[in-house]
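Colleague: this one's sequence-less:
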């Protein structure tokens, strides 16, 4: 007689390989990364799934501001669940109420610091059961909160910091050793030397964008932070809206004492780099300065661009190799060509490669006085250019013979080329037209 097999309840059932589970989670989570409820359900499915779910759930944290206490809630969460912080790679923080006073650099931290997150008893109403709520200690200083928060972001590679009450110091920068992309809006530095000191704490920083940043003071040249050797050695691009002081200090902050050449690339205007620079992973051949002009947040009008670039403040040792000009054809079509002419008059340095972006609906633009002034300026003051590229968004490709005639000096030498894209009228309700990014390969044929 054959006995029935005995099922041992203690024997674990077969499980899927961990690699396959991770792949399943990836397939579900990536298209639904914004759906936190779905990711939370996945986290509750199995304890073994928790690390991979956290990878998707917390890899990117956006718009972490003081509105509705979101920053405070997240700060408490990071303290109660410290396993979350190492998963964060991208974070956007808006400090509207929490500032950082650089005088706190002198504060001595005690060996037994008081906890920042404490619990208090609360009840919703009479007779309701009391509960324990986690809150930030009421007498905690802004400096304690900021340092505690930043110290946990050990794996962050992209930081977007927006605050009009925040001073970035080298001491704060020490927490971001893996940072590759930094975007700062309204952030202050104590001096150009402190900015150089901040850069000295970023060994992997690739790109930094300054949006309405400023200096608090202008100390003497021989500041301790100014002696930082080779700050941010991997840095290959900075973006600036305005900030004339930074243009004046550009060489001694970003070039002096580094291995970067004073021959740099320049991008001016409505450059897509401002919104897409996180996508540019390829290492640039040369250092790039990107001047992105903002009119919405300043009293400078498009026709006053000659007062907004401040290129005349750059150190004379800095030269331009590739220059890219992108007027804002969508919002300010009437001032696009005058702006381009103004920019060209300020680029009084040797340029080897010049890209100009045109948005042409009909031949009338090429017959305008503004465009004729530009062609005359190019042929009189930019004869040293070895490669002139006209990137044109248009309804027809029949414009090239006309432009070749107007720029015959470059056409005869074989130094004029064209790139065409489909023309479309800009609709205020649509996304802005995005130009193709200037790639490193664009000038491979230039020696």
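Modeller: That came in fine, so what should we check first? Please read all numbers here as calculations on a predicted model, not as lab measurements. Residues are numbered from 1 along each chain as shown.
Colleague: my read: residue 185 touches residue 241, true?
Modeller: No - using CB atoms under 8 Å, residue 185 is not in contact with residue 241, being 9.1 Å away. No exception for glycine: its C-beta is placed from N, CA and C like everyone else's.
Colleague: need the residues touching each of the two.
Modeller: Here residue 185 and residue 241 share the contacting residues 211-212, scored by CB atoms under 8 Å, 6 or more residues apart in numbering.
Colleague: how near is residue 265 to residue 19?
Modeller: Distance of residue 265 to residue 19, computed by CB to CB, to the nearest Å: 43 Å.
Colleague: higher neighbour count, these two?
Modeller: Using other CB atoms under 10 Å, the more surrounded residue of residue 265 and residue 19 is residue 265, with 23 against 8.
Colleague: host element of that one?
Modeller: According to DSSP states H and E, residue 265 maps onto strand 263-269.
Colleague: out of the helices and strands in the protein, which is least certain?
Modeller: The least trusted helix or strand in the chain, going by mean pLDDT, DSSP states H and E, turns out to be helix 273-276, with a mean of 56.
Colleague: show the subsequent helix or strand relative to that helix.
Modeller: Remark: after helix 273-276, the chain's next helix or strand is strand 288-292, criterion DSSP H and E.
Colleague: low-confidence ranges in the stretch 151-300 of the chain?
Modeller: For the stretch 151-300 of the chain, applying pLDDT under 70 flags the ranges 216-227, 242, 271-282, 293-300.
Colleague: for residue 96, which residues are in contact?
Modeller: With CB under 8 Å, 6+ apart, residue 96 has these contacts: 65-67, 163-165.
Colleague: so which of these is the closest to residue 309?
Modeller: The closest of these to residue 309 turns out to be residue 164 (CB to CB; 23.8 Å).
Colleague: how about the nearest residue to the closest one, chain neighbours excluded?
Modeller: Closest residue to residue 164 apart from its sequence neighbours, by CB to CB, 6 or more residues apart in numbering: residue 186 at 4.3 Å.
Colleague: got it, and residue 343?
Modeller: The spatial neighbour of residue 343 that comes closest, neighbours along the chain excluded (CB to CB, 6+ apart), is residue 268 at 5.2 Å.
Colleague: give me the distance between that neighbour and residue 345.
Modeller: 12 Å.
Colleague: out of those two, which sits in the busier spot?
Modeller: Neighbour comparison, residue 268 and residue 345: the larger count goes to residue 268, with 26 against 12 (by other CB under 10 Å).
Colleague: let me see the contact set for the residue most central in space within the chain.
Modeller: Nearest to the mean C-alpha position of the chain, counting by CA atoms, centre = their mean, stands residue 183 at 4.1 Å. Residues near residue 183 by CB under 8 Å, 6+ apart: 158-161, 208-209, 211, 277.
Colleague: hmm, residue 421 is touching residue 393, no?
Modeller: Yes - with contacts counted by CB under 8 Å, residue 421 reaches residue 393, the gap being 4.6 Å.
Colleague: which one's more surrounded, the two?
Modeller: The neighbour count for residue 421 versus residue 393, taken as other CB under 10 Å, is higher for residue 393 (18 against 14).
Colleague: the helix or strand hosting the more buried one - contacts with which helices or strands?
Modeller: Per DSSP H and E: residue 393 is located in strand 387-394. With contacts taken as 3 or more CB pairs under 8 Å, 6 or more residues apart in numbering; DSSP states H and E, strand 387-394 sits against strand 353-360, strand 416-422.
Colleague: tell me which of the ones you listed sits most buried.
Modeller: Counting by mean count of other CB atoms under 10 Å, strand 353-360 has the highest mean neighbour count of the helices and strands packed on strand 387-394, with a mean of 22.
Colleague: could you list the low-pLDDT ranges of the stretch 301-447 of the chain?
Modeller: Counting by pLDDT under 70, the stretch 301-447 of the chain contains low-confidence ranges at 301-308, 395-397, 422-447.
Colleague: which SS state does residue 336 fall under?
Modeller: Following DSSP: H, G, I helix; E, B strand; the rest coil, we place residue 336 in the helix state.
Colleague: would you check that it makes contact with residue 360?
Modeller: No - look at residue 336 against residue 360 with CB under 8 Å: they stay out of range, at 10.4 Å.
Colleague: identify the contacts common to these two.
Modeller: With contacts defined as CB under 8 Å, 6+ apart, no residue is shared by residue 336 and residue 360.
Colleague: let's have the helices and strands packed on strand 387-394 in a markdown table, adding distance to residue 45.
Modeller: A markdown table is the format used below for the helices and strands packed on strand 387-394 (distance: least, CB to CB, whole Å):
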| stretch | distance to residue 45 |
| --- | --- |
| strand 353-360 | 50 |
| strand 416-422 | 47 |
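Colleague: and of the ones you listed, who's closest to residue 235?
Modeller: With respect to residue 235, and counting by CB to CB, the nearest of the helices and strands packed on strand 387-394 is strand 353-360 at 21.6 Å.
Colleague: go ahead and name everything in contact with the next helix-or-strand element following the closest one.
Modeller: Downstream of strand 353-360, the next assigned helix or strand under DSSP H and E is helix 369-381. Here helix 369-381 makes contact (CB under 8 Å, 6+ apart) with 337-338, 340-341, 344-345, 354, 365, 385, 388, 406-410.
Colleague: the inter-axis angle of helix 369-381 versus strand 387-394?
Modeller: Inter-element angle recorded for helix 369-381 and strand 387-394: 170 degrees (by axes from the mean of the first three to the mean of the last three CA atoms, to 10 degrees).
Colleague: next, the buried residues of helix 369-381.
Modeller: For helix 369-381, burial by neighbour count (16 or more other CB atoms under 10 Å) applies to 371, 374-375, 378.
Colleague: kindly report the same for stretch 260-269.
Modeller: Going by neighbour count (16+ other CB under 10 Å), the buried part of stretch 260-269 is 260, 262-269.
Colleague: and what of stretch 19-35?
Modeller: Residues of stretch 19-35 classed as buried: 21-22, 25, 28-29 (neighbour count, 16+ other CB under 10 Å).
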